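[1] give me coordinates for this.
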Amino acid sequence: MSESLAWTAGFFDGEGCIQLVTRTRGRCTEVRLQITAANTDIRSLQRFKDLFGGSIQVMQRPGNPHGYKPSWFWVSAHRIAENALRAMLPWLLVKREQAIIALQARAIKRHGVRGNPDTKALADLLWLKEQLQFLRVSTGLSESIPSGEVR
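    Numbers count the residues shown, from 1 in each chain. You can find the predicted model right below:
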């Protein structure tokens, strides 16, 4: 099992994406965790689905004028994404800091923030989302990034 987790973590470091997605409906704002991995070989993504759950979908390229192979992506959200990140965390290198931030956001959600979070919880979630976006586009780490243990 640990060999499979190490493999998926290495694959995810290179081909994965961690996002905190914001959705607003009326006066209710939700911040949710979503993780994906993409590849042109569906067999690689089947391992993620077998280990963690989630779903595999085809990425459509309208018209496909260049004759590219079909791309596939594995996607999971909420608790499935949290469990996948926790399982891969010991082996993550490139996306380790992003995973820690995502797990901190899930901890806020787990401690009773459902639906429309209170102002402080929402501010904390949006701040974590900004930190995650910063890490996704930067080559270095910000000193404002939370470090330490994941709860």
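
[2] is Ala38 in a helix, a strand, or coil?
    strand (DSSP: H, G, I helix; E, B strand; the rest coil).

[3] my read: it touches Val75, true?
    No. Applying C-beta atoms under 8 Å, one finds Ala38 not in contact with Val75, separated by 9.4 Å. The C-beta positions use only the backbone N, C-alpha and C, and glycine is treated the same way.

[4] so for the two, which residue has more residues nearby?
    Legend: neighbour count by other C-beta atoms under 10 Å for Ala38 and Val75, higher for Val75 (19 against 16).

[5] residues in contact with the strand or helix carrying that one?
    Using DSSP states H and E, Val75 sits within strand 71-77. Residues from elsewhere that reach strand 71-77 (C-beta atoms under 8 Å, 6 or more residues apart in numbering): 32-42, 45, 48-49, 52-59, 61, 84.

[6] pull the longest helix from the protein.
    In the chain, taking DSSP state H as the definition, the longest helix is helix 119-137.

[7] quick one: mean pLDDT for that helix?
    Across helix 119-137, pLDDT averages out at 90.
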